[in-house]
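Trainee: Make a model of this:
(4 chains)
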2 protein chains.
Amino acid sequence: MAPTTPQPTTPQQAATAPASPTDEAAVDVPSRGKGRPRSATADRAILDATRAALAEIGWGGLTMGHVATRAGVAKTTLYRRWPSKNELVVDAVASLFDELEIADLGSLQADIEAVVAQFADLLARPETQAALLALFAEGSRDPQLRRRIRERIVDPQKHLVQLGRANAQARGELGPDRDEDTACEEIDIIFDTIAGTVEHRMLVSGEPISPAWIRRFTTLLLSPLPGLTAALAETPHP
Amino acid sequence: MAPTTPQPTTPQQAATAPASPTDEAAVDVPSRGKGRPRSATADRAILDATRAALAEIGWGGLTMGHVATRAGVAKTTLYRRWPSKNELVVDAVASLFDELEIADLGSLQADIEAVVAQFADLLARPETQAALLALFAEGSRDPQLRRRIRERIVDPQKHLVQLGRANAQARGELGPDRDEDTACEEIDIIFDTIAGTVEHRMLVSGEPISPAWIRRFTTLLLSPLPGLTAALAETPHP
DNA sequence: GCAGATACGCTACGACTCGTAGCGAAAGAG
DNA sequence: CTCTTTCGCTACGAGTCGTAGCGTATCTGC
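Mentor: Sure, this is the predicted structure:
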């Protein structure tokens, strides 16, 4: 019998509410189990199909019906969980970023180089390229989507910068925090610089990222431009 | 969808073929005037309507029919000139970047700060935000569109970096080129860093760009991280 | 076990956009 | 004045979106 309960849209949101607010990709939350629980298999199939379809036909060609067919699932099942294509793709792509890690390799430069290489590899995958830019584009106009992107994709990356900074301080490569605000701003600026530069290089300029390029980039971050006269460095606040 | 199809219909391409292949914004090319020339007024109205519609309803909501109505033009007229929404938006957005200039303010840092401020102002405009990211996203899968974006938007910006570098060399702030390749690579990396960082800050992190932020960013570019011990700087090639 | 509740696959639907085709009228070029 | 091209308009088939309704499958609580 058709449950005439309201819930016009966003059944996902309502159903997920009782679960931990910081929960991740695991969209199926049969916590308040009453009726038939949502199939976790279907969830995985949908997310996998979304990533595969993204890699093959890109964002523009990605249709909900296509994803449903590919996942062996009814289209209505998609809409029961994700209110729109955007939200679905956020979940599908976010998990790709979980593999990013920052290791303590003994020097700040080595650590940065390693994480940049990981990031470059991730952005080299076709499903990541198409999806990430499309998400950013949609997010520029949809505040809710932007928030979700922040929580699921951007903030975890920023955390890597925090960790790397802390490691460098522990090794004595960086001085201690002068104050809290300055530290936050410094992390922000370093994060935007690393992520933005790598993304721009790969996604906009469209040129590959080689170990040599990574070496030059990190050197730029950590030391002045080669050939820069000392005169300018002495007057950072003209 | 449109980008998926190879190129079943390219009326624009065929019609524009006799014109110079490297021609730019001036889409109307009544060069081989025989019959009624294309209305330059209509062209301007269409591009203006496209920018306005982008600012209001964004990329996703932008439809060809909507632009046509807004411009007071038949939808068919749009398709007579631009083969797809992507190409139209490239032309509509490219002109926005023409206002970017690099001045010789007497110091490299001041010059960079000025151009970053201009770029940030440009990216603060809603039509630029939505359009630029959407174009990048489409371009990540459509090589022809990507090439067009490069020619019309990216390369002109890169030229600014070249100019700023030359100015700094003329002032003696930067040493002369060691060799051609190194100079090119250095320009590439600086360009990706400036453009990518500003774009990431504004479009992804979604935080504003203040003069203070610009000062910190350019200082980061031109000098080592504050607090960085000299030990690391001495070993750029561990 | 047996209800009740929920999710499932399937089909169909209206609304919308896409890009094209055909028409008669308008506006310059020669 | 004629010829050529563009113009606005209308209509069309194809495709997608997101929703609704149906009957069935599956799990929980009594």
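Trainee: In space, what's closest to A:Ile149 - neighbours in sequence excluded?
Mentor: In space, and not counting its chain neighbours, A:Ile149 is closest to A:Gly139: 5.0 Å by CB to CB, 6 or more residues apart in numbering or on different chains. To be clear about C-beta, it is placed using only N, CA and C from the backbone, and glycine gets the same treatment.
Trainee: Buried residues, the lengthiest helix in chain A. List them.
Mentor: Ordering each helix of chain A by length in residues (DSSP state H) puts helix A:40-61 first. Buried residues in helix A:40-61, counted by 16 or more other CB atoms under 10 Å in any protein chain shown: A:42-43, A:45-47, A:49-51, A:53-54, A:57-61.
Trainee: so what secondary structure elements neighbour that helix?
Mentor: With contacts defined as 3 or more CB pairs under 8 Å, 6 or more residues apart in numbering or on different chains; DSSP states H and E, the packing partners of helix A:40-61 are helix A:64-71, helix A:75-81, helix A:85-94, helix A:126-139.
Trainee: how about stretch A:153-167, does it get close to chain B?
Mentor: Yes. Residues of stretch A:153-167 are located near chain B by CB under 8 Å from any CB of the partner chain, namely A:Val154.
Trainee: Which positions in that stretch come out as buried?
Mentor: A:Ile153, A:Val154, A:Gln157, A:Lys158, A:Leu160, A:Val161, A:Leu163, A:Gly164, A:Arg165, A:Asn167.
Trainee: so where do the helices sit in chain A?
Mentor: A:11-16, A:40-61, A:64-71, A:75-81, A:85-94, A:108-124, A:126-139, A:143-149, A:155-171, A:180-199, A:211-222, A:230-233.
Trainee: Name the stretch from those where average model confidence is lowest.
Mentor: With a mean of 36, helix A:11-16 has the lowest mean pLDDT of the helices of chain A.
Trainee: circling back to that earlier point, let me have the helices and strands packed on helix A:40-61 in CSV, extended by mean neighbour count.
Mentor: Listed next are the helices and strands packed on helix A:40-61 as CSV, based on neighbours: other CB atoms under 10 Å in any protein chain shown:
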stretch, mean neighbour count
helix A:64-71, 18
helix A:75-81, 17
helix A:85-94, 22
helix A:126-139, 24
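Trainee: Now tabulate those helices in TSV and tack on distance to DNA strand D.
Mentor: Output for those, formatted as TSV (distance: least, CB to the nearest atom of the strand, whole Å):
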stretch	distance to DNA strand D
helix A:64-71	4
helix A:75-81	4
helix A:85-94	5
helix A:126-139	11
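Trainee: got TSV for those helices, with distance to A:Ala117 too?
Mentor: Shown next, in TSV, are these (distance: least, CB to CB, whole Å):
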stretch	distance to A:Ala117
helix A:64-71	31
helix A:75-81	35
helix A:85-94	20
helix A:126-139	15
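Trainee: closest one to A:Arg147 among those?
Mentor: helix A:126-139 (8.5 Å; CB to CB).
Trainee: packing partners for the closest one?
Mentor: Checked by 3+ CB pairs under 8 Å, 6+ apart, helix A:126-139 has helix A:40-61, helix A:85-94, helix A:108-124, helix A:143-149, helix B:126-139 packed alongside it.
Trainee: Among those helices, which comes closest to A:Val73?
Mentor: helix A:40-61 (5.4 Å).
Trainee: OK, contacts around A:Leu135?
Mentor: By CB atoms under 8 Å, 6 or more residues apart in numbering or on different chains, the residues touching A:Leu135 are A:Asn86, A:Val89, A:Val90, A:Val93, A:Leu145, A:Ile149, A:Ile153.
Trainee: For DNA strand C, give me its nearest residue in chain A.
Mentor: A:Gly35 (1.9 Å; CB to the nearest atom of the strand).
Trainee: Need the residue closest to the centroid of chain A.
Mentor: A:Ile153 (2.6 Å; CA atoms, centre = their mean).
Trainee: Quick check, it in contact with A:Asp91.
Mentor: No. Using CB atoms under 8 Å as the test, A:Ile153 is too far from A:Asp91 to be in contact (10.5 Å).
Trainee: what about stretch A:103-118 and chain B, any contact?
Mentor: Yes. Counting by CB under 8 Å from any CB, chain B has neighbours in stretch A:103-118: A:Ser107, A:Leu108, A:Gln109, A:Ala110.
Trainee: gap between the second one and B:Thr193?
Mentor: Looking back up the chat, that one is A:Leu108. 18 Å (CB to CB, to the nearest Å).
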